[in-house]
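Peer 1: A structural model of the following input is requested.
(one chain, ligands or ions: 2)
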Amino acid sequence: MPANLPPQYFEAEKEYRLAKTTQEKMTALEAMLTIMPKHKGTDKLRGQLRKKISKLKGDSQKKYTTSKKAFAFNIDREGAAQVMLIGPPNVGKSELLSRMTKASPEVADYPFTTRKPLAGMMIYEDIQIQLVDTPPIASGYIEPWLFGIIRNSDGLLLMVDLSEDPLEQVESTIAELKKSSICPIGKQQAEKDGGKFAVKQTLIIANKNDLDPSCETYDILKELYAFKFPIVSISAREKDNLDGMKKQVFKMLDIIRVYTKAPGKAFDSKAPFILKKGKTVQDLSEKIHKDFAKRFKYAKIWGSEKYKGQMVQKEYVLKDGDILELHM
Ligand SMILES: Nc1nc2c(ncn2[C@@H]2O[C@H](COP(=O)(O)OP(=O)(O)O)[C@@H](O)[C@H]2O)c(=O)[nH]1
Ligand SMILES: [Mg+2]
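Peer 2: Numbering: from 1, shown residues only. Ligands and ions are numbered 1, 2, ... in the order given. Purely as a prediction, here's the structure:
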């Protein structure tokens, strides 16, 4: 019986032959295995691939313990915050990055297309948020450097596919994160598990809602996870609810934008200072300049809660959108 292998298989096979490291070899083999159609004609071939993968896995585990730091990516933080797009293969992470930013990742209907992190800037109103596309988190094989960049990030977008089994996808991704001592949390949860876990604010993105027109799957997902995490339903491909998603990402980050102005002048609406929620006028002036903070007398504020130009002291807790005139 002929194997009838699709062209992507031969591409993956070529990558395998060209692969220099164990990691690269394994990724290529995994891709070959996933791409390969499952029928009698490919039984033997699939068996051989699995054998090769498990042998490499053994080797790499040995190596990994001795050279943990050998493979490290570092993504320079840009913009107001750095957010990781994570999740199982094929859920649409790369598609979303290409929709929201100028980055052009490879998008394909077979898994393990993304091997390296790729960053792009997403514009939200007057700020930019850095989105980072990552290789898939699938039990069995995960790029070992992935958890390092997740730990360094400001938040996670856990993406799942409404046309597959999103419940299982959420569960298995969280399980893999926890194995690496990363604890994704939603808004309401307090920090937990002491110092052992790196706690990361997380938004669940339910993608491909075009394939769930009755929202049946989305409703089940919400029923089970909405009490733990904020969830948003989108279609990256059909561009549905992408603005709603951006709002949710901003909300998850717990940051505020504060503008400064000189007396008698207009404020610069293009260059807000980014601060964590809960920060005060004092924190802002420290951020601007140390000396500034020392000489600070009072500020005038134009904001949502105060009268126009009202005077506030350094203890005043800032709100998103506040405009301040600092006096010393
Ligand atoms: N129907 C539908 N397909 C999508 C959507 N988003 C992505 N896809 C498709 O899903 C496949 C996997 O996408 P990709 O971005 O490579 O997934 P990744 O592995 O998570 O990066 C591609 O064929 C995409 O075109 C969507 O919103 N709706
Ligand atoms: Mg991808």
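Peer 1: residues from the stretch 201-328 of the chain in reach of ligand 1?
Peer 2: 207-208, 210-211, 235-238 (CB under 6 Å from any ligand atom). All C-beta atoms are positioned from the backbone trio N, CA, C, and that covers glycine.
Peer 1: Can I get those in JSON lines including secondary structure and distance to E125?
Peer 2: Formatted as JSON lines, those follow (DSSP: H, G, I helix; E, B strand; the rest coil; distance: CB to CB, whole Å):
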{"residue": "N207", "secondary structure": "strand", "distance to E125": "23"}
{"residue": "K208", "secondary structure": "coil", "distance to E125": "26"}
{"residue": "D210", "secondary structure": "helix", "distance to E125": "26"}
{"residue": "L211", "secondary structure": "helix", "distance to E125": "30"}
{"residue": "S235", "secondary structure": "strand", "distance to E125": "22"}
{"residue": "A236", "secondary structure": "coil", "distance to E125": "20"}
{"residue": "R237", "secondary structure": "coil", "distance to E125": "24"}
{"residue": "E238", "secondary structure": "coil", "distance to E125": "23"}
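Peer 1: between these, which has the most around it?
Peer 2: N207 (28 neighbours; other CB atoms under 10 Å).
Peer 1: Between which two of the residues of the stretch 201-328 of the chain next to ligand 1 is the distance greatest?
Peer 2: Longest distance between any two of those is 11.7 Å, between L211 and A236; criterion CB to CB.
Peer 1: Report all helices and strands that the helix or strand hosting E30 contacts.
Peer 2: Using DSSP states H and E, E30 falls within helix 22-35. If contacts are counted by 3 or more CB pairs under 8 Å, 6 or more residues apart in numbering; DSSP states H and E, helix 22-35 sits against helix 7-18, helix 43-66.
Peer 1: Can you say which of the ones you listed is nearest to G87?
Peer 2: So among the helices and strands packed on helix 22-35, helix 7-18 is nearest, using CB to CB, at 20.8 Å.
Peer 1: Nearest to G148, out of the residues of the stretch 201-328 of the chain next to ligand 1: which one, please.
Peer 2: N207 (25.2 Å).
Peer 1: Against T173, how distant is K93?
Peer 2: For K93, the distance to T173 equals 11 Å [CB to CB, to the nearest Å].
Peer 1: ok, back up a step: hmm, who's touching the helix holding E30?
Peer 2: Helix 22-35 has contacts (CB atoms under 8 Å, 6 or more residues apart in numbering) with 5-6, 8-9, 12-13, 15-16, 19, 46, 49-50, 52-53, 56-57, 59-60, 63, 71, 89, 110-112, 115, 135, 140-141, 143-144.
Peer 1: swap in stretch 94-112?
Peer 2: So stretch 94-112 is contacted by 8, 27, 30-31, 34-35, 85, 89-90, 113-114, 118-122, 131, 133, 135-136, 138, 159, 205, 207, 234, 236-237, 239, 242, 246 (CB under 8 Å, 6+ apart).
Peer 1: Looking at those residues, which are in helices?
Peer 2: 8, 27, 30-31, 34-35, 242, 246 (DSSP state H).
Peer 1: can those go into CSV with extra columns for pLDDT and neighbour count?
Peer 2: Shown next, in CSV, are the ones in helices among the contacts of stretch 94-112 (pLDDT from 0 to 100; neighbours: other CB atoms under 10 Å):
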residue, pLDDT, neighbour count
Q8, 80, 17
T27, 84, 20
E30, 85, 21
A31, 83, 23
T34, 82, 17
I35, 81, 21
L242, 98, 16
K246, 98, 17
